[in-house]
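Student: here's a sequence, model it:
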Amino acid sequence: MAFDIDMIKKVYANFGPRVEAARKLVGRPLTLSEKILYTHLWDEKANTSFTRGVDYVDFAPDRVAMQDATAQMALLQFMQAGRPKVAVPSTVHCDHLITAKLGAEQDLPAANTESKEVFDFLASVSNKYGIGFWKPGAGIIHQVVLENYAFPGGMMIGTDSHTVNAGGLGMIAIGVGGADACDVMAGLAWELKFPKLIGVKLTGKLNGWASPKDIILKVAGILTVKGGTGAIVEYFGDGAENLSCTGKGTICNMGAEVGATTSTFGYDESMERYLRATGRADIADAANEIKEHLTGDAEVYANPEQYFDQLIEIDLSTLEPYLNGPFTPDLATPISKMKDVALENGWPMKIEVGLIGSCTNSSYEDISRAVSVAKQVSEKNLKTNAQYCINPGSEQIRYTIERDGFLDVFKNIGATVFTNACGPCIGMWDRVGAEKQEKNTIVHSFNRNFAKRADGNPNTYAFVGSPELVTALAIAGDLSFNPLTDTLTNEQGEQVMLDAPVGDELPPRGFDVADAGYQAPAEDGTGVQILVSPTSHRLQLLDPFTPWEGTDLKGLRLLIKAKGKCTTDHISMAGPWLKFRGHLDNISNNMLIGAVNYFNDKTDNVKNALTGEYGPVPATQRAYKAAGIGSIVVGDENYGEGSSREHAAMEPRHLGVRAVLVKSFARIHETNLKKQGMLALTFCNKEDYDLIQEDDVIDIVGLTSFTPDVPLTVVLNHSDGTKDEIKVNHSYNSQQIEWFKAGGALNIIRSQVAQ
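Tutor: Presented below is the predicted three-dimensional model:
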């Protein structure tokens, strides 16, 4: 039986009529993305045909999902909203705060001890406000959502950028910051700029070593890390129908790495099979009744160039495996060319570790295909030449693959089975020797490979591939190995080739689990007490941010001019800092410590304008705050790419940064800055970035008449007495300007409740 079946049936009851109304309004056939967007408008009687990439639109998502690291701040904000219960079905999943070190048997109890205060807080808040709670060890949020909550045609937001994984079941699922989640849980509309549409037409069928992961690795190479910004990627074609549901989830999951708002597929038989296999036949039956509405109109897919803003075509029959990296997920290299490319770039050829699993690739199909490769170690008298580790995606997956003997196969080749959690994928990997910062190569089936992300070592060269390719490379221990053409020397000195992987889309004997790890909330949570110790170093109740003072901002100092790639990992690192995600002041001590200072090419080393000395970024900003001086951060292209973590916006806000001025923003980060009452600005002329000098005193002029579509002026007062005036753009609409004036969106919610 499915969760929230009444809600889903209500969505489906209204779906057809709303699609018909939208089609009539727009005056043409509709893509799947448009159908879901128009059926989830906040104003059900809206009569506007929205312009892609231009119009801000209010939506009514069906549900909210939060992982433990981001849920802390989301729920701390929700607690201030004054609501007795969440307005839409919501869940919390404890998957980020578990360090991968020795294996699940030791690591999970250690996490339950170390983070008990946080887990207890999340469980009590969930219990009080009607939120479903998934205990530590239950699994990774996106795998658990796919198994239990995702449904075709639905709309979901989640406080993690890989919320988009649910597109594998035909949803519009979008990663957001905690403030957005707070709005929806409080019963308010959720605002999004109406996305552009990128169509990806898939033809043919995967074969041999090629996998769904290779589709998105190729797409990432085409679009780059910012090519999907502001757009939904919609996959279609006979090739899409030939993919498994979980394979579709893999593709949608890593769509976050091209900056896409989300990705999705039309409802088909693979989704129906998956719903029935995961105990949701009632949803499959309901979806079948309206299935013509749960995919794009036939005219759209027959003539896609007329309906999408950009079109990509991929023939799956000729697709070969890819490895993407290092240090960026869009550096795509076909496996046939990896040897030459690696040698040309001087990448370390010896593979130290292969890691599979994660929210991207931990389905039964993924694991079964990897097992088919791992079995060949004993069958062909080989040995594994790299360390090998696994993060199962959920307890249901782990229990089922243990029952079917897969874990025994992995353990026979020396594998370490980590907890059903994120682990190395998000930097929660206590890797022996990483502190030495030695140059080395790892391969994994995760989604991101930014510098220092997995193990904290800036010299770890991480490459992204499918679980089966990662397994083959771990056996070979060599980055130049191509399993399609190369042989390995076995223990008898013979040359042998690995057979192409095979696997089952779904477990032949069905899924099984003893305890999935779910905890239902109290029917009436009014008596539930939530206690946060004032001396806690892990949790801190929030104080409202100060409203705008009503004047232009004068006398700002430059905190840092960030050079090159500046992701949310650079702005607010994860790894060991995750423990402070519920304590804004403590976690602010990691603010921008990974950003490269343009003026000295160093990280966490900026000039303090008050003393003339160089020091850590957070300490410098705290000195400005203590002196009552505002500051500004300047950045490069696609500033804030990566995770949805709103801490990257809240930390600067908390420490007194007033504005962030960059060449371009990643979507989620720009929204997070706006929600927290920050100024998110972009250069009208990107070359003006070069005018920013280290000792500038900076004014932002035009705020007293702050209006949509009207640029502001930034005055750069240089230390030699000269100055430059530059124009800067913003994308604030009228409502977002009110967030700025109020000191943050939450202050407006709080005032509405008080009235």
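Student: what is the burial count for E44?
Tutor: Close neighbours of E44, defined as other Cβ atoms under 10 Å, add up to 11. All C-beta atoms are positioned from the backbone trio N, CA, C, and that covers glycine.
Student: try R52
Tutor: 16.
Student: tell me which stretches of the stretch 651-755 of the chain form strands.
Tutor: 657-662, 679-683, 697-701, 712-717, 723-729 (DSSP state E, counting those that start in this stretch).
Student: what do you get for the stretch 101-250 of the chain?
Tutor: 132-134, 155-158, 172-175, 190-193, 196-203, 231-236.
Student: mind checking how far R18 is from G640?
Tutor: In this view, R18 and G640 are 34 Å apart by Cβ to Cβ, to the nearest Å.
Student: and for T535?
Tutor: From T535 over to G640 (counting by Cβ to Cβ), the distance is 33 Å.
Student: which one of those two is surrounded by more residues?
Tutor: Here T535 and G640 are compared on neighbour count by other Cβ under 10 Å; more neighbours surround G640, at 29 against 4.
Student: so what's the more buried one up against?
Tutor: C566, T567, T568, I571, A648, F665, A666, I668, H669, E670, N672, L673 (Cβ atoms under 8 Å, 6 or more residues apart in numbering).
Student: that older thread, buried deepest among the strands of the stretch 651-755 of the chain, which one?
Tutor: strand 657-662 (a mean of 24; mean count of other Cβ atoms under 10 Å).
Student: can you give me the angle that one makes with strand 679-683?
Tutor: With axes from the mean of the first three to the mean of the last three Cα atoms, to 10 degrees as the basis, strand 657-662 and strand 679-683 are set at 30 degrees to each other.
Student: name the helices or strands packed onto strand 657-662?
Tutor: Secondary-structure packing of strand 657-662 (3 or more Cβ pairs under 8 Å, 6 or more residues apart in numbering; DSSP states H and E): strand 553-561, strand 631-635, strand 679-683.
Student: quick one: strands adjacent to that strand?
Tutor: Strand 657-662 pairs in its sheet with strand 631-635 (parallel), strand 679-683 (parallel), by DSSP bridges.
Student: any chance of TSV for those strands, columns distance to G357 and mean pLDDT?
Tutor: Below are the strands paired with strand 657-662 laid out as TSV (distance: least, Cβ to Cβ, whole Å; pLDDT from 0 to 100):
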stretch	distance to G357	mean pLDDT
strand 631-635	33	98
strand 679-683	35	98
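Student: quick one, which of the ones you listed is nearest to A342?
Tutor: Closest to A342 of those, according to Cβ to Cβ: strand 631-635, at 30.8 Å.
Student: let me see the contact set for the residue nearest to the spatial centre of the chain.
Tutor: The centroid of the chain falls nearest to S161 when counting by Cα atoms, centre = their mean (2.0 Å). By Cβ under 8 Å, 6+ apart, the contact set of S161 is G175, A256, G642, S643, S644, I668.
Student: ok, D160 next?
Tutor: A65, M66, Q67, T70, I141, H142, G175, S643, S644.
Student: can you lay out those as JSON lines showing neighbour count?
Tutor: Below are these laid out as JSON lines (neighbours: other Cβ atoms under 10 Å):
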{"residue": "A65", "neighbour count": "28"}
{"residue": "M66", "neighbour count": "29"}
{"residue": "Q67", "neighbour count": "32"}
{"residue": "T70", "neighbour count": "28"}
{"residue": "I141", "neighbour count": "32"}
{"residue": "H142", "neighbour count": "32"}
{"residue": "G175", "neighbour count": "24"}
{"residue": "S643", "neighbour count": "29"}
{"residue": "S644", "neighbour count": "30"}
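Student: so which of the residues you listed is the closest to F580?
Tutor: T70 (12.8 Å).
Student: wait, the closest one touches S644, no?
Tutor: Yes: using Cβ atoms under 8 Å, T70 is in contact with S644, at 6.9 Å.
Student: any common contacting residues for these two?
Tutor: Counting by Cβ under 8 Å, 6+ apart, the residues touching both T70 and S644 are T159, D160, G177.
Student: how close does the first one get to V176?
Tutor: Separation of T159 from V176 (Cβ to Cβ): 6 Å.
Student: for those two, list the residues in contact with both.
Tutor: Joint contacts of T159 and V176 (Cβ under 8 Å, 6+ apart) are S644.
Student: quick check: closest non-adjacent residue to the most far-flung residue of the chain relative to its centre.
Tutor: Centroid-distance maximum for the chain: Q492 at 45.7 Å, with Cα atoms, centre = their mean. Nearest residue to Q492 in three dimensions, chain neighbours excluded: N381, at 5.8 Å (Cβ to Cβ, 6 or more residues apart in numbering).
Student: count of residues packed around the one you found?
Tutor: 13.
Student: and for V532?
Tutor: 17.
Student: okay, and the beta partners of the nearest residue to it once chain neighbours are set aside?
Tutor: Sequence neighbours aside, L539 is the residue nearest to V532 in space, at 4.8 Å (criterion: Cβ to Cβ, 6+ apart). Applying DSSP bridges to L539 yields these beta-bridge partners: G582.
Student: any idea of the pLDDT on L539?
Tutor: In this model, L539 is scored at 95, pLDDT.
Student: if I pick it, what's in contact with it?
Tutor: L539 neighbours (Cβ under 8 Å, 6+ apart): Q72, L76, E117, V118, F121, V532, S533, G582, H583.
Student: ok, the fifth one touching V532?
Tutor: I take that to be F121. Yes: shown here, F121 and V532 form a contact pair, counting by Cβ under 8 Å, at 6.8 Å.
Student: got phi/psi on K226?
Tutor: phi -120, psi 10 (degrees, to the nearest 10).
Student: how close does it sit to G53?
Tutor: From K226 over to G53 (counting by Cβ to Cβ), the distance is 14 Å.
Student: what's around P84, how many residues?
Tutor: So P84, with other Cβ under 10 Å, has 10 neighbours.
Student: that one: what secondary structure?
Tutor: coil (DSSP: H, G, I helix; E, B strand; the rest coil).
Student: what's the closest non-adjacent residue to it?
Tutor: Closest to P84 by Cβ to Cβ, 6+ apart is T526, at 7.0 Å.
Student: which strand or helix spans that neighbour?
Tutor: Assigned by DSSP states H and E, T526 belongs to neither a helix nor a strand.
Student: where does it land on pLDDT?
Tutor: 91.
Student: so it makes contact with K85?
Tutor: No: T526 lies out of contact with K85 (Cβ under 8 Å); the separation is 9.2 Å.
Student: avg pLDDT for stretch 252-259?
Tutor: Rounded mean pLDDT across stretch 252-259 is 96.
Student: distance from the chain centre to it, please.
Tutor: 8 Å (Cα atoms, centre = their mean, to the nearest Å).
Student: repeat for stretch 611-622
Tutor: 31 Å.
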